[in-house]
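Student: Sharing a sequence plus its predicted fold:
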Amino acid sequence: MAINAIDSGLRALEPVQSGQTAGTAAAFSDSLGRLLSSVESTGTEANDAIGRMLDGSGDVHEAMIALQRADMTLQLTMQVRNKLVNAYQEIMRMPI
């Protein structure tokens, strides 16, 4: 479920074909929004899985998988953020 959100967010970040420039900024913004919401949802799922493990209704494996999924989603989001910041800094260094 969260992996599907990441996958759809990454598909939206793919390069735009020529002739598809209208609405590109809105689509990019929406894809980033979906990526951020998937980070939040996987974190919530991990917290819920840990809570179930602690009260005895869940198991350790479920909690560890949820934690790893949340960690991978966060790492992916941080890498996208780093690439965006680097691209912005590169554009700002360009002479006019």
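Tutor: All right, it came through fine. Numbering: from 1, shown residues only.
Student: how close does L54 sit to R69?
Tutor: Note on L54: its distance to R69, by C-beta to C-beta, to the nearest Å, is 19 Å. Just so you know, the C-beta spots here come from the backbone N, C-alpha and C atoms, and that holds for glycine as well.
Student: More neighbours: those two, which one.
Tutor: A side-by-side neighbour count of L54 and R69, using other C-beta atoms under 10 Å, places R69 first with 20 against 10.
Student: Where does the closest residue to that one other than its chain neighbours fall, secondary structure wise?
Tutor: Residue nearest to R69 in three dimensions, not counting chain neighbours: T42, with 5.3 Å by C-beta to C-beta, 6 or more residues apart in numbering. In this structure, T42 is located in helix 24-55 according to DSSP states H and E.
Student: Tell me which other helices or strands the helix or strand A87 falls within touches.
Tutor: With elements taken from DSSP H and E, the one containing A87 is helix 60-93. Other helices and strands packing on helix 60-93, by 3 or more C-beta pairs under 8 Å, 6 or more residues apart in numbering; DSSP states H and E, are helix 2-12, helix 24-55.
Student: In the last one, which residues are buried?
Tutor: To tie it back to what came earlier, the one meant is helix 24-55. Neighbour-count burial for helix 24-55 flags 31-32, 34-35, 38-39, 42-43, 45-46, 49-50, 53 (criterion: 16 or more other C-beta atoms under 10 Å).
Student: likewise stretch 66-81?
Tutor: For stretch 66-81, a neighbour-count test (16+ other C-beta under 10 Å) marks 66-67, 69-70, 73, 76-77, 80 as buried.
Student: any idea how far A49 is from M64?
Tutor: 9 Å.
Student: Sorry, wrong one. I was asking about M92.
Tutor: Applying C-beta to C-beta to M92 and M64 gives a distance of 42 Å.
Student: quick one: which of these two has more around it?
Tutor: The residue with the greater number of neighbours, taking M92 and M64 and applying other C-beta under 10 Å, is M64; the counts read 14 against 7.
Student: residues in contact with L74?
Tutor: L74 makes contact with 39, 42-43 under the criterion C-beta atoms under 8 Å, 6 or more residues apart in numbering.
Student: I'd like the distance between it and G51.
Tutor: Following C-beta to C-beta, the distance that separates L74 from G51 is 19 Å.
Student: Alright, that wraps it up for me.
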